[in-house]
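*Asks:* Using only what follows, build the 3D model:
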Amino acid sequence: MIDSKLAKEILFGLGADLCGIAGIDRFADAPKGYHPLDVLPTCKSVISFGCRFPIGTLRCNTHTPYTKVRNSITPKMDAMALNFCIEMEKHQAVCVPIPTNESQWDENTKRWRSIISQKHAAQAAGLGTIGRHSLLITPEFGSMIWLGSVLCEQELEPDEMKKNICSNCNACVKHVL
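*Replies:* Model prediction:
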């Protein structure tokens with residue numbers, strides 16, 4: 001069997017900048033139909049990981065660099081999740097990769113969303129906290145992070161959750177305005 005330390009080493013080796021683990025008990029408030037157990041009924045741990053998103057893409061006079069990076073990082077994250085699952089099976093741990101981007105239409109919200117919330121999984125795994133602007137904020141990269149996750153049938157030691165990072169400073173609001 002595998003432990004949390006080795007699982008994280010594998011993800012960091014695949015290129016993750018951040019990685020954390022949440023126990024399934026941290027998803028009690030997940031919306032119906034979007035709970036990790038709705039995807040994998042035998043899930044015991046959720047492994048969340050992130051890759052930094054280049055901040056320079058926000059300083060451009062065109063949206064093209066941001067769009068190009070977004071379109072490139074999504075398949076990179078999905079490949080990392082898939083490769084991680086393959087590596088985990090070598091250690092007798094069954095995992096399921098969660099698609100990085102929105103892949104399911106939600107009739108209630110009339111929006112595309114992932115089959116589980118990546119930002120809520122990341123918060124539950126101790127990567128950061130959800131800020132006033134509704135995005136995950138990490139101490140290392142602020143909100144410039146792209147998220148991925150993997151559901152695991154093995155119970156892994158969870159990471160400590162972060163205390164609230166958002167200080168209501170309005171920087172995210174001022175940036176949008």
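
*Asks:* Let me know the secondary structure of residue 151.
*Replies:* Per DSSP: H, G, I helix; E, B strand; the rest coil, the secondary structure class of residue 151 is strand.

*Asks:* residue farthest from the centroid of the chain?
*Replies:* When distances to the mean C-alpha position of the chain are computed (CA atoms, centre = their mean), the maximum falls on residue 61, with 28.6 Å.

*Asks:* Work out for me the element that residue sits within.
*Replies:* Assessed by DSSP states H and E, residue 61 sits outside every helix and strand.

*Asks:* Give the full set of residues in contact with it.
*Replies:* When contacts are counted by CB atoms under 8 Å, 6 or more residues apart in numbering, residue 61 is found next to no other residue. The C-beta positions use only the backbone N, C-alpha and C, and glycine is treated the same way.

*Asks:* Next, it: phi, psi?
*Replies:* Summarising the backbone geometry of residue 61 under the convention degrees, to the nearest 10, its torsions are phi -90, psi 0.

*Asks:* Can you read off the pLDDT for it?
*Replies:* The predicted local distance difference test score for residue 61 is 94.

*Asks:* okay, now the residue nearest to residue 16 when sequence neighbours are not counted: neighbour count?
*Replies:* Computed as CB to CB, 6 or more residues apart in numbering, the closest residue to residue 16 that is not its neighbour in sequence is residue 49, at 4.1 Å. Here the neighbour count serves as a burial measure; for residue 49 (other CB atoms under 10 Å) it reads 30.
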